[in-house]
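[1] okay, predicted coordinates and the sequence, questions at the end:
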Amino acid sequence: MKKGNISIFVPHLGCPQQCSFCNQKTITGKQTQPTPDDVKSAVQTALKRKGYEYEIAFFGGSFTAIDREYMESLLKAAAEFIDNDRIKGIRISTRPDFIDNEVLQLLKSYGVTAIELGAQSMDDEVLKANLRGHCAEDVAVAAKLIKDNGFELGVQMMTGLYRDTDEKAIKTAEKLIELKPDTVRIYPTVVLKGTYLAELVEREEYTPQTVDDAAALCTTLVPMFESAGVRVIRLGLHASDDIKKNMVGGAYHDSFGEIVQSRFMLNKVLAYPPGNYEIFVNPKSVSKLKGQQKRNAYFLMEQGYNIKYTVTDKIIAGELKIVRA
């Protein structure tokens, strides 16, 4: 069966901080809080789709920081479906400073199987500058508690934050890998109206990361995680009209993950000196090789590469065979 998430967004509720980048209602596209009936309805709708098994996922806020009675009402609604052979568990995301043994035992009692920590950075200067309200050590302590209690551990990091650098992002990845997470999501920073970052941009005190810069950095970060056995389950924010309407800068693209994959393809070609080549590529990888609006193809031409593209099923998707012509 294919795997999927039944995503229930709990925007901003319970979070004790207004982080520099945060406008959760814009990010999630939600203006109201979900009810237990909303949870049940979402699950029942998803189960009508055959051939999928799911996790019920509470995202969008700081789940363990919300009102306890409300949190349990949502978990109780989700837990009713755990015995269904197509619902494999419950996933939540939360802040590292709202994790302790007591709340972990409560989560386990309702069938929560995976917890994602919004680490964002493992550099204390970056965390402080972006008003996170926790430090890198809080992430490390929470991660150990989660793993010691038998949960799957996910981490979330951001790139391009205020006072962040590529070098600091690489250090963050190294420190997150040391925590031995099962999964990671990498979110390049998007600057939204009404946030502290937007004020910094207006005052010309902060220059947001571009899509190209973020994609280039991710071609370093992704192999670091994958070589350590950490699954990269998301690159970039989900496509959202609300984000497009409210962003004032930053590294947002509907197909950011594909742009990163395209950059990997480009780097494989650039490992060869300019000249005449025939590149054999799987049909599923042609668009990634040539790039969005054929940007890679045009760039390679400008750099002195004369390439014949040969599409063949004999090459594995994601791989290339490059032959000097």
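    Yes, it's here. The model shown is predicted, which means the values in this text are computed figures rather than measured ones. Numbers count the residues shown, from 1 in each chain.

[2] residues touching the closest residue to Thr220 other than its chain neighbours, list them.
    Counting by C-beta to C-beta, 6 or more residues apart in numbering, the nearest residue to Thr220 once its immediate chain neighbours are dropped is Ile170, at 6.4 Å. The way it works is simple: take the backbone N, C-alpha and C, and place the C-beta from them, glycine included. Ile170 is in contact with 220-221, 224, counting by C-beta atoms under 8 Å, 6 or more residues apart in numbering.

[3] dihedrals phi and psi, Tyr298?
    Backbone torsions of Tyr298, given as degrees, to the nearest 10, read phi -70, psi -40.

[4] which ones are touching it?
    Taking C-beta under 8 Å, 6+ apart as the definition, Tyr298 has no contacts.

[5] what segments of the stretch 151-300 of the chain are strands?
    152-159, 183-188, 190-192, 231-235, 247-250, 276-281 (DSSP state E, counting those that start in this stretch).

[6] now those as CSV including distance to Arg91?
    Below are these laid out as CSV (distance: least, C-beta to C-beta, whole Å):
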stretch, distance to Arg91
strand 152-159, 8
strand 183-188, 10
strand 190-192, 23
strand 231-235, 10
strand 247-250, 26
strand 276-281, 35
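
[7] for the residue nearest to Thr220, give its distance to Thr310.
    36 Å (C-beta to C-beta, to the nearest Å).

[8] what does Cys19 give?
    Taken as C-beta to C-beta, the span from Cys19 to Thr310 is 48 Å.

[9] for the two, indicate the residue with more neighbours.
    Cys19 (21 against 13; other C-beta atoms under 10 Å).

[10] ok, the closest residue to the more buried one other than its chain neighbours - contacts?
    In space, and not counting its chain neighbours, Cys19 is closest to Leu131: 5.2 Å by C-beta to C-beta, 6+ apart. For Leu131, the contacting residues are 17-20, 196, by C-beta under 8 Å, 6+ apart.

[11] just the closest of those to His253, please.
    Nearest to His253 among these: Ser20, at 21.2 Å, using C-beta to C-beta.
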